[in-house]
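1. Just the structure for this:
(4 chains)
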There are 2 protein chains.
Amino acid sequence: MASIKDVAAAAGVSVATVSRVLNDHPSVSADARARVLAAVTALGYRPNAVARSLRTDQTRTLGLVISDVLNPYFTELARSVEEEARALGYSVIIGNADERPELQDHHVRTLLDRRIDGLLVSPTDGGSPLMLDAARTGTPMVFVDRWIEGVDVPVVRSDGRAAVRDLVAHLHRLGHRRLAIIAGPAATTTGRERVDAFREALSAYGIPLPDAYRGQGDFQAESGRRATEGFLDLPEPPEVVFAADNLMALGALDAIRARGLRVPDDIALAAFDDIRWFVHTDPPITAIAQPTGDLGRAAVRALVDRIEGRPPASVTLPARLVVRRSCGAPAAAQAPAVRLSPMQRSTS
Amino acid sequence: MASIKDVAAAAGVSVATVSRVLNDHPSVSADARARVLAAVTALGYRPNAVARSLRTDQTRTLGLVISDVLNPYFTELARSVEEEARALGYSVIIGNADERPELQDHHVRTLLDRRIDGLLVSPTDGGSPLMLDAARTGTPMVFVDRWIEGVDVPVVRSDGRAAVRDLVAHLHRLGHRRLAIIAGPAATTTGRERVDAFREALSAYGIPLPDAYRGQGDFQAESGRRATEGFLDLPEPPEVVFAADNLMALGALDAIRARGLRVPDDIALAAFDDIRWFVHTDPPITAIAQPTGDLGRAAVRALVDRIEGRPPASVTLPARLVVRRSCGAPAAAQAPAVRLSPMQRSTS
DNA sequence: CACGTCGATGTAAACGATTCCACGAGGAGG
DNA sequence: CCTCCTCGTGGAATCGTTTACATCGACGTG
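-> Here you go, the predicted structure:
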């Protein structure tokens, strides 16, 4: 592969001049510039990003460590992150933690070794020494969706508290009183927060959240299935299951179907995180939708601000309830609730 | 960040010795090794992958350019690719082309500039000059899922011909005679092949595929919706719509629902590519399932073979029909067809 | 006319690793 | 006791860039 030296030789100039042309430094004669450009195309020369990074100590690359690529929420997040990063002149390297802390660490380490300019993380756990260390030693970092407490890192996330209140109001209006939740891992902020918000919203109606109605999941489908089976085995099963993410809702659906029960007649179902398929499931699933694209973009902007020396800001965006039929009552009967038309896409 | 020089100084040895310890070269005394290792942990030293790559001319990184991250098929492919690559000691950088050739080129260029060791591509089009050039000039490359004809690059893909025959047999048995397909872009092999396989299977029953029953899509949901609307506007609409990928099936479902029609009573639906949600859609969707994980792993092995100087082999794996209810007749009535249990996951 | 300025260019030193080569010490074999 | 190997080690070149500094001519100004 041709190097800058070959170009310099072909153009009859020094490598310095070639480099100047490539980085459009002002002080280069039109003649030299033309000869260099000609040589570049003749040789099909492309600058070696590795060498450039070594010299300039920047890679123009962002690392993104997400909890699970198979989760459509994160996949959409990843897409918007890449899009915004590209617009700002950065590339993105994605690391998939698969909800496993050790895999998350593997990716953080690899990304750090590659000297990425900044790191976007949606932590799977409470924070490994490695990640805490990276944050402390000044690696530009931003948390997105989930975060770690007690670390001085900007957080870009959405607040589902109001939407969860709306959901509980909706459920209460439909007459449901025995409400259960499948929680995410307690080590994650979203794992805890969604439960807290749910419990708080319930208490406004004087409804308790017994331990038996709090299933423990790990944000993966299989755990949703197990937790739901637990609920269904109870002497008094809940009337509603609220899954803290879309994959656990899928698992819940599997479990319900396996018992030959129907949603919402036998048991109602709602989920955190809206995905396109929820419109077409049987029945369409009521969900809490996050402004995923906006989150991704805001996170990138915060990180790039940090990298380029501007003060980064934390951002919190509201989530909203999308009522469908999985909790009972025809959606048409719902008066004021916001609805997604079947074809509405998240803005992207 | 500490460099190898700092480690050398701390350990009282030369950088050469540090490097030898790090790459466990045999000829290093136990004493020196111990001192170096101590210094490494004391300083929290991590080798700079950029510098190492520059010197060794290898990055131990694979590029993966996929057509659309939002498509669960590709997301699962990406996951298995990363998994296998990691097992073989490589990292993966994913580029998402969003079915746009110019974006695909952008990513190929970026990946090449970063001097990745090899490239895995599922081409969005017939092959840009850039990609053809890369293939010709010896960049280790493997096509996965889709490929480009006339280029000497191994292909790892699945053959859906038999499964499509099974599908058509299934549809014919149910009494359907007017069968339509939503095709993918003609510039992609999968876009053409699936139509060819379908037409061929139909002809075995003496059924033609009129132009009006061949909708043109681009593998995105919106195009599936438009094509389906076109079908429904026909004086004699088809009895079955076969979408060449899962997203266009989603669009088709949107269009059918928007007209207030029911599947399969008013119109039947089937899709290429099986995804977990198809079990829970209304109704569950009959689909052709590819061995996605196996494809990803085989592709990585082929590419790494190529990179490490072993002869790479093309691989073709069979797809299979998964009968559900979207084409009519209770699935229970289906005698010999292979079925996915609701909880079956792709092996991973 | 001399001098300072400025624009265009080249030379060479980094960046952080790997690796070839040389060198010295010590042990084995004659 | 000399020679030759082997082992452990360090010096220095190298990978492909960027960039500080030096140089050199031309030009404008006092």
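2. and the gap between A:Pro291 and A:Ser3?
-> Separation of A:Pro291 from A:Ser3 (CB to CB, to the nearest Å) stands at 46 Å. For every residue, glycine as well, the C-beta is placed using N, CA and C.
3. Name all residues that make contact with A:Ile225.
-> That one is not Ile; residue A:225 is Arg. Residues near A:Arg225 by CB atoms under 8 Å, 6 or more residues apart in numbering or on different chains: A:251-252, A:254-255, B:343.
4. Could you check the pLDDT of the one residue in the stretch 201-348 of chain A that gets nearest to chain B?
-> Closest approach of the stretch 201-348 of chain A to chain B (CB to the nearest CB) occurs at A:Asp282, with a separation of 3.5 Å. The predicted local distance difference test score for A:Asp282 is 83.
5. What is the burial count for A:Ser128?
-> Counted with other CB atoms under 10 Å in any protein chain shown, residues neighbouring A:Ser128 total 18.
6. Need the nearest residue in space to it, chain neighbours excluded.
-> Spatial nearest neighbour of A:Ser128, chain neighbours left out: A:Asp105 (5.1 Å); criterion: CB to CB, 6 or more residues apart in numbering or on different chains.
7. Residues of chain A that sit close to DNA strand D?
-> For chain A, the residues in contact with DNA strand D (CB under 7 Å from any atom of the strand) are A:1, A:3-5, A:15-16, A:19-20, A:22-23, A:45-48, A:51-52, A:54-56.
8. Any quick PyMOL command for the buried ones out of those residues?
-> Written as a PyMOL command, the selection of buried residues from those, which uses 16 or more other CB atoms under 10 Å in any protein chain shown, is:
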select buried, chain A and resi 4+19+20+22+45+47+48+51+52+54
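9. What about DNA strand C: which of the residues of chain A next to DNA strand D touch it?
-> Counting by CB under 7 Å from any atom of the strand, the subset of the residues of chain A next to DNA strand D that neighbours DNA strand C consists of A:15-16, A:20, A:51, A:54-55.
10. can you pull the contacts of A:Ala163?
-> Contact criterion CB under 8 Å, 6+ apart gives A:288-289, A:318-321 as the residues in contact with A:Ala163.
11. ok, of these, which come out buried?
-> Among the contacts of A:Ala163, those classed as buried by 16+ other CB under 10 Å are A:288-289, A:319-321.
12. re the thing from before, find the helix or strand that the residue nearest to A:Ser128 is a member of.
-> A:Asp105 is part of helix A:101-113 when elements are defined by DSSP states H and E.
13. Show me what that helix is packed up against.
-> The criterion is 3 or more CB pairs under 8 Å, 6 or more residues apart in numbering or on different chains; DSSP states H and E, and the helices and strands that helix A:101-113 contacts are strand A:61-66, strand A:91-96, strand A:118-121, helix A:129-136.
14. Paired strands for the shortest one, with orientation please.
-> Strand partners for strand A:118-121, identified by DSSP bridges, are recorded as strand A:61-66 (parallel), strand A:141-144 (parallel).
15. Check which helices and strands whichever helix or strand comes after the last one is in contact with.
-> Just to be clear, that refers to strand A:141-144. In the C-terminal direction, the helix or strand that comes right after strand A:141-144 (DSSP H and E) is strand A:155-159. Packed against strand A:155-159, as judged by 3+ CB pairs under 8 Å, 6+ apart, are the following elements: strand A:141-144, helix A:292-307, strand A:315-318.
16. export the ones you listed to JSON lines and tack on mean pLDDT?
-> Converted to JSON lines, the helices and strands packed on strand A:155-159 look like this (pLDDT from 0 to 100):
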{"stretch": "strand A:141-144", "mean pLDDT": "97"}
{"stretch": "helix A:292-307", "mean pLDDT": "98"}
{"stretch": "strand A:315-318", "mean pLDDT": "97"}
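17. Would you mind finding the most buried of these?
-> Highest mean neighbour count of these: strand A:141-144, a mean of 26 (counted as mean count of other CB atoms under 10 Å in any protein chain shown).
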